[in-house]
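J.: Provide a 3D model corresponding to the input given below.
(2 chains)
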Amino acid sequence: MSSLMMDYEFKMKTQTERVKVEDLFDYEGCKIGRGTYGHVYKGRPKDGSDTRDYALKQIEGTGLSMSACREIALLRELKHPNVINLIRVFLSHNDRKVWLLFDFAEHDLWHIIKFHRAAKANKKPVMVPKGMVKSLLYQILDGIHYLHSNWVLHRDLKPANILVMGERPERGRVKIADMGFARLFNAPLKPLADLDPVVVTFWYRAPELLLGARHYTKAIDIWAIGCIFAELLTSEPIFHCRQEDIKTSNPYHHDQLDRIFNVMGFPHEKDWEDIKKMPEHPTLLKDFKKSNYVNCSLVRYMDRHKIKPDSKAFHLLQKLLLMDPNKRITSEQAMQDPYFQEDPLPTQDVFAGCPIPYPKREFLTDDDQEEKSDNKRQNQQQQQPQPQQQQGQQQQQQGNQQDNHNPAKRVRMSGPQGHPGQVNQQAIPISQQQDFHQQPIMYNNGSQQQQQNFQQRF
Amino acid sequence: MLHINCGRLKVIQTLGEHLKLRQQVIATATVYFKRFYARNSLKCIDPLLLAPTCIFLASKVEEFGVISNSRLITTCQTVIKNKFSYAYTQEFPYRTNHILECEFYLLENLDCCLIVYQPYRPLLQLVQDIGHEEQLLTLAWRIVNDSLRTDVSLLYPPYQIAIGCLQIACVILQKDHKAWFAELNVDIEKIQEIARYIINLFELWKTYDEKKEIQGLLSKMPKPKPAPQR
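T.: Numbering: from 1, shown residues only, chains lettered A, B, ... in the order given. Sure thing, here's the model as predicted:
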């Protein structure tokens, strides 16, 4: 009976016409990322017609999972310079694997921030253009504004999902990636919280989500952007919280709320009137005492990290990190903020033509078992982002981040560019630097010519 | 061809109702089904397999969740046995692995274009603009459901289909909204074409007795051929 389900000729014809990923691309041994989303490889076209690099994402599991379905359905329609471009989908019928072909991005904010933090610990300055953080933020907002105006929520924004293009093409351009959690939110058939009770990695999760909001909005992406902005300014995750290996469908998370209040202070009722309507509000009243947080405020926290409360950067940050989702700024308003009109202006190339100080992506070895046990140990020891617990399926996005602590297993990619410490001659004294970046930022757009080339406004 | 299409699409609608899906999921599944057979012969994949596959895929895309495989198969068996025994004398022959395999072929043939815009949302806005008319909305909504059995979803944008269905509903209910229609900035020719497609369907339903004719039609339908015997 089953032999009649499909016409033999049709089956043969589609089989001959079907292009296989392994026929078109070399990617063996070129794994650059691993996580519960699957595996990512750096691929080169086999026919040599094109020397560009590509990213090939092999989606975890077999068949068309919900996250594969979302990513394909949405990215097939979306097109914006700051949103990752899905070039092609490969369906491998034999092993039932789904492959997605993307442009390759050499950097991401997880690696960039990690690099800055290491440099800070070693007291070594990193040379980046003055306006880099501003350019990064502007482009993230631009991409999210595009998604939001097309009724798409990202729902999993965090540094590992913000990619930055390397030397070529589109040098230094932000690409928002990993749409495995994204969804359309106009006229949902079911409450948004029903299908995915827990979304967004804890550290970047908005307070309304932690309090069990069922009908969350664009504002959750804006909160996450605020967290990323703070992390770019200070090199520290602003709402860093110890993470146990929790697999829970309950969004309420005591320690994470405690951390937020420790930075922001406990929300006054007049600042967030609807907090009373939150499903977990009774738990909040039971678990927390306002008096424990009287000395906490974002001003103090950022001041400790040398971001002045009268700077434009701080003012914008404050608007992105408002506790009340209804009062939080929108991406459109944020892009109009005076911060972006103040010198240095944001640039399309976030590196503004300057040499890129960050190392290139490294290849991971194929030792799955070992890597997995390593991850667990290291997450506990180092408290690296161990992102996103989701109902049943844990999401350790961007697995490479966890694998990074084991240099013995990796191979450095060749190529002289992208190494730190080669541009000292262009350094300027610290006294002349702008105040918005705590990390000594020494690049002063070296020559005037560079400035003309790369300081164009958007 | 039109007759067969109608029957098949009825299978999708009935399956969807038994699975308690929202109409939007059913509508999207129907459009996938039509798009597939607009590009491929009916013999390429047995429509009885493609119908549940379209539902399975549409439910994911419309964020209605993944339908449990066993529930889908059981529902297919029940629906075919209880509602369509006049057309299919045998049991529903497919299992989960067939649907999953078929899903890849469907995706491939749709070129991964999965998001479908439906006339329902523009219809709600239009009726709201006319003024609160429950009766009008209910009827127009049903006509949009019926329009899924025609080819209009392949030929016209959703907002035009919504206007076409609304116009038919006004005629049936003898509501005079001519002034309102006149103010719409739309290609009235296209609206008339859509209305004609749907009215033709209604005419057909008056004279067509599916239970009598389906066996003859099914026997004429091209069927998948197995691998040549060696």
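J.: in stretch B:43-63, what counts as buried?
T.: B:43-63 (16 or more other Cβ atoms under 10 Å in any protein chain shown). Placement of C-beta: from N, CA and C, glycine included.
J.: what helix or strand is the residue lying closest to residue B:148 once chain neighbours are set aside on?
T.: Excluding the flanking residues, the one nearest residue B:148 by Cβ to Cβ, 6 or more residues apart in numbering or on different chains is residue B:30, at 4.6 Å. Assessed by DSSP states H and E, residue B:30 sits inside helix B:23-39.
J.: roughly how far is the helix or strand just after that helix from the heart of the chain?
T.: The helix or strand immediately downstream of helix B:23-39 is helix B:47-61, counting by DSSP H and E. Relative to its parent chain, helix B:47-61 has a centroid offset of 11 Å by Cα atoms, centre = their mean, to the nearest Å.
J.: Tell me where the stretch 201-350 of chain A is predicted with low confidence.
T.: Within the stretch 201-350 of chain A, the segments meeting pLDDT under 70 span A:201, A:216, A:243-249.
J.: what sits against residue A:92?
T.: Contacts of residue A:92 were listed using Cβ atoms under 8 Å, 6 or more residues apart in numbering or on different chains, and they are A:20-21, A:98-99.
J.: Tell me the spatial nearest neighbour of the most centrally placed residue in chain A, not counting adjacent residues.
T.: Computing the C-alpha centroid of chain A and ranking residues by Cα atoms, centre = their mean puts residue A:161 first, at 2.6 Å. What sits nearest to residue A:161 in space, not counting adjacent residues and going by Cβ to Cβ, 6+ apart, is residue A:178, at 4.4 Å.
J.: Could you pull out the strands in chain B for me?
T.: For chain B, strands defined by DSSP state E do not occur.
J.: Tell me where the model's unsure across it.
T.: B:1-8, B:132, B:230.
J.: quick one: the helices in it?
T.: Assigned by DSSP state H, the helices in chain B fall at B:2-18, B:23-39, B:47-61, B:69-83, B:96-109, B:120-130, B:134-147, B:152-155, B:158-173, B:178-183, B:188-207, B:210-220.
J.: Geometric centre of chain B: which residue is closest?
T.: Closest-to-mean residue, chain B, Cα atoms, centre = their mean: residue B:30 / 3.5 Å.
J.: Those residues of the stretch 1-150 of chain A touching chain B, which are they?
T.: A:1-10, A:14, A:18, A:63-64, A:66, A:69, A:72-74, A:76-77, A:89, A:91, A:93, A:96 (Cβ under 8 Å from any Cβ of the partner chain).
J.: ok, back up a step: what about the contacts of residue A:92, which are in strands?
T.: Per DSSP E, these map to strands at A:98-99.
J.: The contacts of residue A:92, buried ones only, as a PyMOL selection?
T.: In PyMOL, this line selects whichever of those come out buried by 16+ other Cβ under 10 Å:
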select buried, chain A and resi 21+98+99
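J.: and residue A:347, how many residues sit next to it?
T.: Neighbourhood size, residue A:347 [other Cβ atoms under 10 Å in any protein chain shown]: 25.
J.: Does it touch residue A:129 like I think?
T.: Yes: the pair residue A:347 / residue A:129 is scored as a contact, 7.4 Å apart, by Cβ atoms under 8 Å.
J.: what do these two both touch?
T.: Shared contacts of residue A:347 and residue A:129, counting by Cβ under 8 Å, 6+ apart, come down to residue A:135.
J.: which residue packs closest to residue B:141, ignoring adjacent ones?
T.: Excluding the flanking residues, the one nearest residue B:141 by Cβ to Cβ, 6+ apart is residue B:123, at 6.6 Å.
J.: mind listing what residue A:327 touches?
T.: Residue A:327 touches A:271-272, counting by Cβ under 8 Å, 6+ apart.
J.: Surely it is within a helix?
T.: No: the assignment for residue A:327 by DSSP: H, G, I helix; E, B strand; the rest coil gives coil, which leaves it out of any helix.
J.: Phi first, then psi, for it.
T.: For residue A:327, the backbone dihedrals (degrees, to the nearest 10) come out as phi -100, psi -10.
J.: which residues does the closest residue in space to residue A:85 that isn't next to it in sequence bridge with?
T.: Excluding the flanking residues, the one nearest residue A:85 by Cβ to Cβ, 6+ apart is residue A:103, at 5.3 Å. Beta-bridge pairing for residue A:103 (DSSP bridges): residue A:54.
J.: quick one: pLDDT of residue A:103?
T.: Predicted confidence (pLDDT) for residue A:103: 95.
J.: wouldn't it be in contact with residue A:173 here?
T.: No: here residue A:103 does not reach residue A:173: they are 9.9 Å apart, not a contact under Cβ under 8 Å.
J.: which residues do these two both contact?
T.: With Cβ under 8 Å, 6+ apart, residue A:103 and residue A:173 have common neighbours residue A:165.
J.: more neighbours, the two?
T.: residue A:173 (21 against 18).
J.: who touches the more buried one in this structure?
T.: With Cβ under 8 Å, 6+ apart, residue A:173 has these contacts: A:81-82, A:139, A:164-165, A:348-350.
J.: change it to 7 Å
T.: A:81, A:139, A:165, A:348-349 (Cβ atoms under 7 Å, 6 or more residues apart in numbering or on different chains).
J.: Out of these, which comes closest to chain B?
T.: residue A:81 (21.2 Å; Cβ to the nearest Cβ).
J.: Give the closest residue to the closest one in space, chain neighbours not counted.
T.: In space, residue A:81 is closest to residue A:173, 6.4 Å off (Cβ to Cβ, 6+ apart).
J.: What is the burial count for residue A:363?
T.: 17.
J.: gap between it and residue A:163?
T.: As judged by Cβ to Cβ, to the nearest Å, residue A:363 and residue A:163 stand 17 Å apart.
J.: Also residue A:33?
T.: From residue A:33 to residue A:163 the distance is 11 Å (Cβ to Cβ).
J.: Show me which of those two is the more surrounded one.
T.: residue A:163 (26 against 22).
J.: Tell me the secondary structure at that one.
T.: strand.
J.: Let's see the pLDDT reported for it.
T.: 97.
J.: The residue nearest to it when sequence neighbours are not counted in helix, strand or coil?
T.: Leaving aside its sequence neighbours, residue A:163 sits nearest to residue A:105 (Cβ to Cβ, 6+ apart; 3.6 Å). Reduced to three states with three-state DSSP, the structure at residue A:105 is coil.
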